[in-house]
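# Pasting the sequence and the predicted coordinates here, then a few questions.
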Amino acid sequence: MSAAAAVIHGLEARGWTLGVAESLTGGAVSADLVSVPGASAVLLGGVVAYATPVKHTLLGVDAELLAAYGPVHPEVALQMASGIRSAVAVDGRPADAGVSTTGIAGPDSPDGQPVGTVHVAAVTPEGALCRSFRFVGDRPAIRRRSVDAALATLLELIGE
């Protein structure tokens, strides 16, 4: 079973819904999830918050945090994962879980952090988890590894 399928089935077994907040992955996490039959029972939606200000305006990431550290920071990933839950609320009910990606896929780094620096986070009713990585490879490889890491982090948090 793929990681995306395990996420969908794990969340469905709990009766939980999901929101996805992505930066460097540009929708690839959502694409993996919607490739799974039955994903609509779990996935409410996603936001590609590629521009730093969008992380604040749509996902509620603290503006002072962004100003102090930039968009590639573990706390930014956690706030993105938390904020997407409200951003995809249906009838006033936020998603049960949120997952996020933020990082630098290259080939250049706009803020001086090493290319391949990636933070992924997941938030559920049972807790929050953030993982930080330094992936090696070209832009597509870094983005692919980031997708895999986001799904693995969510799976770890939901106990699959």
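Yep, that arrived. What you see is a predicted model; the values in this text were computed from it and never measured.
# taking the mean pLDDT, what do you get for the longest helix along the chain?
If you go by DSSP state H, the chain has its longest helix at helix 139-158. Computed over helix 139-158, the mean pLDDT rounds to 97.
# helices or strands up against that helix?
helix 3-14, helix 28-34, strand 97-103, strand 117-124, strand 127-134 (3 or more CB pairs under 8 Å, 6 or more residues apart in numbering; DSSP states H and E). For glycine as for every other residue, the C-beta is placed from the backbone atoms N, C-alpha and C.
# If we go by neighbour counts, what in the second one is buried?
By neighbour count, and taking 16 or more other CB atoms under 10 Å as the criterion, the buried residues in helix 28-34 are 28-30, 32-34.
# hang on, the earlier thing: just the angle between the longest helix of the chain and strand 127-134, please?
Angle, helix 139-158 to strand 127-134, by axes from the mean of the first three to the mean of the last three CA atoms, to 10 degrees: 150 degrees.
# hmm, back to that, will you turn the helices and strands packed on helix 139-158 into JSON lines that also has mean pLDDT and distance to Arg85?
What follows is the helices and strands packed on helix 139-158, written out as JSON lines (pLDDT from 0 to 100; distance: least, CB to CB, whole Å):
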{"stretch": "helix 3-14", "mean pLDDT": "97", "distance to Arg85": "13"}
{"stretch": "helix 28-34", "mean pLDDT": "98", "distance to Arg85": "15"}
{"stretch": "strand 97-103", "mean pLDDT": "98", "distance to Arg85": "4"}
{"stretch": "strand 117-124", "mean pLDDT": "98", "distance to Arg85": "7"}
{"stretch": "strand 127-134", "mean pLDDT": "98", "distance to Arg85": "11"}
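# out of these, deepest packed?
Among these, ranked by average contacts under mean count of other CB atoms under 10 Å, first place goes to strand 97-103 (a mean of 30).
# Cool, thanks, talk later.
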